[in-house]
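# curious how this folds, go ahead:
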Amino acid sequence: KKENNQRKHVSTRSNQNAVTSLPRGGIHVNTSIGAIQFGMPPETIKDVLNLGLDKPRMYVVPKERFNLSVGISVAEIEFP
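Numbers count the residues shown, from 1 in each chain. Okay, the predicted model is just below:
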């Protein structure tokens, strides 16, 4: 049986600013499969909502989940 090794191509949306740096940290990216957020410092869902961005469908947790220099978690998933 032959395996299908095709990967789905994901592209950024061309009709909007695709990449947004959030005020409290993290990066919000609009893609063809929905919004993705890289890093989740506390309160960033408020940034997303206040900026009128799409709510993330996926989150990418950073390798280092704590920022020791400022003493916060960068992997704090919140809901609106």
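
# neighbours of the closest residue to A35 other than its chain neighbours, how many?
Once flanking residues are discounted, A35 sits nearest to D54: 4.1 Å by CB to CB, 6 or more residues apart in numbering. (C-beta placed from N, C-alpha, C; glycine too.) Using other CB atoms under 10 Å, D54 has 14 other residues around it.

# can you check P41 too?
With other CB under 10 Å as criterion, P41 counts 20.

# for the one 4 residues further on, same thing?
The burial metric for I45, expressed as a neighbour count using other CB under 10 Å, is 20.

# which residues are in contact with the residue nearest the centre of the chain?
Nearest to the geometric centre of the chain sits Q37, at 0.3 Å (CA atoms, centre = their mean). The contact partners of Q37, taken as CB atoms under 8 Å, 6 or more residues apart in numbering, are 22, 26-29, 44, 48, 56, 58-60.

# assumed it was part of a helix.
No: using DSSP: H, G, I helix; E, B strand; the rest coil, the assignment for Q37 is strand, not a helix.

# would you map the strands across the protein?
Using DSSP state E, the strands of the chain run over 19-21, 27-31, 34-38, 58-60, 66-67, 72-73.

# for P80, find the nearest of those strands.
strand 34-38 (12.8 Å; CB to CB).

# and the closest one, which strands flank it?
strand 27-31 (antiparallel), strand 58-60 (parallel) (DSSP bridges).

# so for the shortest one, mean pLDDT?
Read that as strand 58-60. In this model, strand 58-60 has a mean pLDDT of 95.

# how near is M40 to Y59?
6 Å (CB to CB, to the nearest Å).

# what sits in contact with each of these two?
Joint contacts of M40 and Y59 (CB under 8 Å, 6+ apart) are I77.

# more neighbours, the two?
M40 (24 against 15).

# quick one: residues contacting that one.
26, 59, 61, 74-78.

# just the buried ones from those residues?
Neighbour-count burial (16 or more other CB atoms under 10 Å) applied to the contacts of M40 gives 26, 74.

# could the contacts of M40 be laid out in TSV, adding distance to A18?
What follows is those, written out as TSV (distance: CB to CB, whole Å):
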residue	distance to A18
G26	15
Y59	17
V61	21
V74	22
A75	23
E76	24
I77	22
E78	23
